[in-house]
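Student: Sequence first, then the predicted structure:
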Amino acid sequence: MLKISGLTKMFGAYRALNVGNIDIPRAQITGIIGPNGAGKTTLFNTIGGALRPNAGTVLLDGGDVTGLSPHRLAAKGLIRTFQISRDLSALTILENLLVARPGQLGEGVVSALFARRKIRAEEEAAIEQARSLLQRVDLWRLADQSASSLSGGQKKLLEVLRAMMLSPKLILLDEPAAGVAPTMEGVLCDFILELKAEGVTFAIVEHDMEMVKRLCDDIYVLTEGREMMHGTYEQVTTDPRVLNAFLGSMV
Ligand SMILES: Nc1ncnc2c1ncn2[C@@H]1O[C@H](COP(=O)(O)OP(=O)(O)O)[C@@H](O)[C@H]1O
Ligand SMILES: [Mg+2]
């Protein structure tokens, strides 16, 4: 689904990212692990349109999407999630989902009457979509509460739901387990696995190796901006190079 090759990102003279080939197959969960500073977030920012790469290509379903803006990538089905920001916390849970949808409201519509009907229909469709997503993770009952009232784990679920409002093909998740209580971690994993079973593709940066073990079909190990190896959880966690580089203390 997503093919990355030769992707390079420089910060001044510092080469934060310099990967060869990374393949993210359809309807699978691909993990990206590595020590702090390995370039994992830079990789996601470069794929997701927040940063422009200095070299390399990103192909989505064979089409070149290198360096496109987050907005254009979202329209093509590639979404990178972000932590629910302070601004979004001020909104209700339902509003968080509604504002995640692209701004079709009234765009390019000339007739005011037609526009009003169209907007009404779009709003109703958006609310319906939001309701069905919130019901799936038992957050519908809290729909009118401020997002700031949610636990860390519920906020992570909300991030995934916001992405799902755009009916994505591929979701990039940066550290889904960070700040999530152990009980909610299971709920979050189950939901991600459910979406995978429905055909959604994921790439996940994660430090929590239990989560990586539960979720990931294939794992890339990044060190110093490069992919050191990739393989199953068993393969990467028994590889001497990976253990030496950073996992020795983690698994
Ligand atoms: N905006 C930036 N400007 C300069 N250096 C950066 C910037 N973002 C990241 N870096 C550097 O690039 C390297 C990779 O960072 P990052 O992608 O955040 O690593 P990771 O997510 O794997 O911990 C680090 O050495 C970091 O200090
Ligand atoms: Mg990071």
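Tutor: Looks like it came in fine. Ligands and ions are numbered 1, 2, ... in the order given.

Student: Going by C-alpha atoms from here, please, whenever you check contacts or count neighbours.
Tutor: Fine.

Student: now the strands for the stretch 51-200 of the chain?
Tutor: Listed in chain order, the strands of the stretch 51-200 of the chain (DSSP state E, counting those that start in this stretch) span 55-60, 63-64, 78-80, 170-174.

Student: partners of the second one, with directions?
Tutor: Pointing back at strand 63-64 there. Take DSSP bridges as the rule and strand 63-64 pairs in its sheet with strand 55-60 (antiparallel).

Student: Closest approach to ligand 1 from the stretch 151-251 of the chain, which residue is it?
Tutor: Of all residues in the stretch 151-251 of the chain, Gly225 sits closest to ligand 1, at 7.0 Å by CA to the nearest ligand atom.

Student: neighbours of the closest residue to that residue other than its chain neighbours, just the number please.
Tutor: Distances taken as CA to CA, 6 or more residues apart in numbering put Leu17 closest to Gly225, at 4.0 Å, once the chain neighbours are dropped. The local packing of Leu17 (other CA atoms under 10 Å) involves 28 other residues.

Student: For the host helix or strand of Leu17, name the packing helices and strands.
Tutor: Secondary structure from DSSP states H and E places Leu17 in strand 14-18. Counting contacts by 3 or more CA pairs under 8 Å, 6 or more residues apart in numbering; DSSP states H and E, strand 14-18 is packed against strand 2-11, helix 40-48.

Student: contacts for the last one?
Tutor: So the one you mean is helix 40-48. Helix 40-48 is touched from outside by 9, 16-17, 32-34, 51-53, 58, 66-67, 69-70, 73, 78-80, 172, 174, 205, 222, 225, with contacts defined as CA atoms under 8 Å, 6 or more residues apart in numbering.

Student: change it to 7 Å
Tutor: Leu17, Ile32, Leu51, Arg52, Pro53, Val58, Pro70, Ile79, Arg80, Leu172, Val205 (CA atoms under 7 Å, 6 or more residues apart in numbering).

Student: Next: the first one.
Tutor: Residues from elsewhere that reach strand 2-11, judged by CA under 7 Å, 6+ apart: 15-25, 53-61.

Student: ok, and for stretch 80-96, which residues are buried?
Tutor: Of the residues in stretch 80-96, those buried under the neighbour-count criterion (16 or more other CA atoms under 10 Å) are 80-81, 83-84, 88-96.

Student: nope, stretch 68-82 is what I was after
Tutor: Along stretch 68-82, the positions that meet the burial threshold by neighbour count (16+ other CA under 10 Å) are Leu68, Ser69, Pro70, Leu73, Ala74, Lys76, Gly77, Leu78, Ile79, Arg80, Thr81.
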